[in-house]
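J.: this one's structure only:
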């Protein structure tokens, strides 16, 4: 109880800071706000008072924040003004050195975007998902059956990382014994180098990404020489729009598929257990009626918002909601804020697993860049919870999670849990 009072007092103090700080000093992209889970009151205030906000100075340079649901959708679908192109900076608030930018289909504008995306889309058709479901269920069951009883363990490592990494290995037909490399490369792709980070310097980060490219290049050569198969690498190796990609585009698409298949599902898998532990009445409702999984899954994805933002770059001067956005300006669409917008979502701060319209959320993006693997992500989450509910009456979260130091990936590094013996 004391810890709860303490954390409530801390939150009150942070809310007071978000209330008293002049708006021109707001830097909602500060990763420390996400590591401490204290960004919420900043976005609440921006939606109310300054929904299109300019931060003139941050560790990522100056940027605009778009924080309301409908405004985000408008920016997201206006490709003639707001570009995803990697050459202009791509899709994250953090700029990469121009020499190190790698194109992927999410960081391309129409019409080039569609051809590369179409190459991997067959992986996510209903027929293919039905086949993958059998594999997901088998691996989920094995993973859960091997969990310890009566002792504390890290849910993120034992379940979320393990299952998403296994799925990625299946999607790429990647050597099974090396599958944890995929997790490492995903984390490296999105980490902010620093003293306490996964790597200390950008040079170290690039060295590991080069290792990723070299490993996949070997696999690529094998796939080119084999008849086409139904894994992502083979699809790209034999696809008309992707088989002649240059080295940067190749690595860019690999990183997109690795991060898309790993971070998002993994963080929603962890976030789902945390959400239920924070809302015991919803956990009870789910145990009593597992049919609610169909609405529980999209509600968790909204609630967690595994990627906090996407970024665009203005191709021309543009007035938006009375603000003058200049050509070349960085515009950040805060999905995490749109998913708590009272004007678009009823009671957005309530976790409601039988919500009437649970798919009203921005977690997968909107328009042409909407997540290509969203149905697979939902499927994985639904199956793991079907299997959990069959086996365990309750899984207890027994400590505070450690959160990722990032304002792009909104995730949990660790989540201590215990299953009764």
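T.: Nice, I can see it. Computed from a prediction, not measured in an experiment: that's the story for all the values here.

J.: show me what contacts residue 136?
T.: By Cβ atoms under 8 Å, 6 or more residues apart in numbering, residue 136 lies in contact with 163, 167, 379, 380, 383, 384. For glycine as for every other residue, the C-beta is placed from the backbone atoms N, C-alpha and C.

J.: repeat that for residue 139.
T.: Here residue 139 is in contact with 163, 166, 167 (criterion: Cβ under 8 Å, 6+ apart).

J.: filter these down to the buried ones and hand me the ChimeraX line.
T.: To isolate the buried ones among the contacts of residue 139 in ChimeraX, judged by 16 or more other Cβ atoms under 10 Å, type:
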select :163,166,167
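
J.: from the contacts of residue 139, which is closest to residue 63?
T.: Of all the contacts of residue 139, residue 167 has the smallest distance to residue 63: 33.5 Å, by Cβ to Cβ.

J.: tell me which element that closest one falls in.
T.: helix 162-172 (DSSP states H and E).

J.: who are the packing partners of that helix?
T.: For helix 162-172, the packing partners by 3 or more Cβ pairs under 8 Å, 6 or more residues apart in numbering; DSSP states H and E come out as helix 126-145, helix 180-190, helix 232-238, helix 247-278, helix 374-391.

J.: before we move on, back to that, kindly reformat the contacts of residue 136 as a markdown table containing distance to residue 373 and pLDDT.
T.: Listed next are the contacts of residue 136 as a markdown table, based on distance: Cβ to Cβ, whole Å; pLDDT from 0 to 100:
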| residue | distance to residue 373 | pLDDT |
| --- | --- | --- |
| 163 | 15 | 94 |
| 167 | 10 | 90 |
| 379 | 10 | 93 |
| 380 | 10 | 93 |
| 383 | 15 | 96 |
| 384 | 16 | 96 |
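
J.: between the residues you listed, which sits nearest residue 73?
T.: residue 379 (25.1 Å).

J.: let me see the contact set for the closest one.
T.: Taking Cβ under 8 Å, 6+ apart as the criterion, residue 379 is in contact with 129, 132, 133, 136.

J.: what of residue 352?
T.: Residue 352 touches 282, 299, counting by Cβ under 8 Å, 6+ apart.

J.: use 57 as the first number for this chain going forward.
T.: All right, first residue 57 from here; so that's residue 408.

J.: and it, that's in a helix?
T.: No - read with DSSP: H, G, I helix; E, B strand; the rest coil, residue 408 is coil and lies in no helix.

J.: just the pLDDT for it.
T.: Residue 408 carries a pLDDT value of 98.

J.: may I have the phi/psi pair for it?
T.: Taking degrees, to the nearest 10, you get phi -130, psi 110 for the backbone angles of residue 408.

J.: distance of it relative to residue 95?
T.: 22 Å (Cβ to Cβ, to the nearest Å).

J.: return the member of the contacts of residue 192 nearest to residue 330.
T.: Among the contacts of residue 192, residue 440 lies closest to residue 330 (Cβ to Cβ), at 14.3 Å.

J.: run a quick neighbour tally on that closest one.
T.: 25 (other Cβ atoms under 10 Å).

J.: can you pull the contacts of the closest residue in space to it that isn't next to it in sequence?
T.: Nearest residue to residue 440, sequence neighbours excluded (Cβ to Cβ, 6 or more residues apart in numbering): residue 196, at 5.0 Å. Residue 196 sits next to 219, 439, 440, 443 when contact means Cβ under 8 Å, 6+ apart.

J.: go ahead and confirm residue 350 touches residue 441.
T.: No - using Cβ atoms under 8 Å, residue 350 makes no contact with residue 441, being 10.8 Å away.
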